[in-house]
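Participant: Structure for the following, please:
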Amino acid sequence: MLLLHGAGGNLATMTTLARALRPRHRVIAMDLRGHGRSGDGPWSWDAALGDVAAVTVQLELDRPAVVGHSLGGMLAVLWGQRHPETPGVVSLDGNPPPTRAEQLPGLAPDEAAAELARLHGVFTAVQAQLAQPITATELPDLVERQRMAARDMGANEKVWIEGFRRNLVQKDGETSVRPDAGTAASLRTLMNELDLGPVFASTPTPTLSVLATRNLPEQEPFAKLYAAHRRYLLEQAETGAKLNPRMSHLQLADASHAMVLERPDVLASVIGDFLQR
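Facilitator: So this is what the prediction gives:
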């Protein structure tokens, strides 16, 4: 089984899930391009899928199942579309973010437009922050904030900090975080333009989409927007399952987008059972 992390993560962020999966599977995780210890290079779906293919060849993986979280989940589904020999792919809340009013059923068009504009502003600010180097005096505070975030999420602190440090880059006396602002901008464009509906409806590979059921803390200021978007994602998955017997979906109880950290044992069971069908 090949594990693919989300945007801003790296293979270390999949450690807890990998440990839960190991009793039933041989598990391999990789850093996507522009993350962790992998090289840089222009981001496209074709390029990233080529990287995944290179790993399967290098490690002599024969028809691995592919499981991805967030960005990695989108890649897993696209991999399944192109590789019908794959025994199964699983997307752990691997869905593009909301960008259009029609993706927010139940919200009035004016309210949807206003909320999307507000969310766009937040994403733009985060992207700009990635372009700023981290000073030596700022780094210890950032690490401590990461520890606090791990505690708040009930996550393994050691694993969380390892994932944070794996994305730090030292160059010319400055520290920066991967992915850089340019890569983040490319990823944002790719995800915003991706429509998984046709993929779900036509994939030749057994595909499972695991959907979140509640917000992350940072999503709470946009609670109505994200609740509406979850309705849209459920409708999209249900439509795909009706059109394609190889497509299935599951809403994971009491799980946010951070389900890999929150429910690793439950996910390992769900993934294992799905692949054994």
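
Participant: hey, let's count contacts and neighbours off CA atoms from now on
Facilitator: OK.

Participant: count of residues packed around Gln58?
Facilitator: 9 (other CA atoms under 10 Å).

Participant: meant to ask about Gly154, not that
Facilitator: Using other CA under 10 Å, Gly154 is surrounded by 11 other residues.

Participant: what about the strands in the stretch 101-250 of the chain?
Facilitator: All strands of the stretch 101-250 of the chain, identified by DSSP state E, counting those that start in this stretch, fall at 168-171, 174-177, 207-211, 247-251.

Participant: For the first one, list every residue counted as buried.
Facilitator: Of the residues in strand 168-171, Leu168, Val169 count as buried by neighbour count, 16 or more other CA atoms under 10 Å.

Participant: which other helices and strands contact that strand?
Facilitator: strand 174-177 (3 or more CA pairs under 8 Å, 6 or more residues apart in numbering; DSSP states H and E).

Participant: ok, for the residue nearest to the spatial centre of the chain, nearest residue in space, not its chain neighbours?
Facilitator: In the chain, the centroid-proximal residue (CA atoms, centre = their mean) is Ser70; its distance is 1.6 Å. In this structure, Ser70 finds its nearest non-sequential neighbour in Gly94, 3.7 Å apart by CA to CA, 6 or more residues apart in numbering.

Participant: same question, His25
Facilitator: Met1 (6.6 Å).

Participant: Asp195: which of the strands of the stretch 101-250 of the chain is closest?
Facilitator: Set against Asp195 and scored by CA to CA, the strands of the stretch 101-250 of the chain come closest in strand 207-211, at 14.2 Å.

Participant: From the rest of the structure, what touches that closest one?
Facilitator: 77, 80, 88-94, 200, 230, 233-234, 237, 246-252, 274 (CA atoms under 8 Å, 6 or more residues apart in numbering).

Participant: hmm, back to that, which one of the strands of the stretch 101-250 of the chain lies nearest to Met191?
Facilitator: strand 207-211 (16.5 Å).

Participant: Let me know the average pLDDT across the closest one.
Facilitator: Taken as a whole, strand 207-211 has a mean pLDDT of 98.

Participant: Now do it against strand 247-251: the angle between them, please.
Facilitator: 20 degrees (axes from the mean of the first three to the mean of the last three CA atoms, to 10 degrees).

Participant: so how far is strand 207-211 off the chain centroid?
Facilitator: 12 Å (CA atoms, centre = their mean, to the nearest Å).

Participant: likewise stretch 140-148?
Facilitator: 22 Å.

Participant: got the contact list for it?
Facilitator: Under CA under 8 Å, 6+ apart, the answer for stretch 140-148 is Glu157, Trp160, Ile161, Phe164.

Participant: what pLDDT does Pro264 get?
Facilitator: 96.

Participant: Touching, it and Thr16? I think so.
Facilitator: Yes. Using CA atoms under 8 Å, Pro264 is in contact with Thr16, at 6.5 Å.
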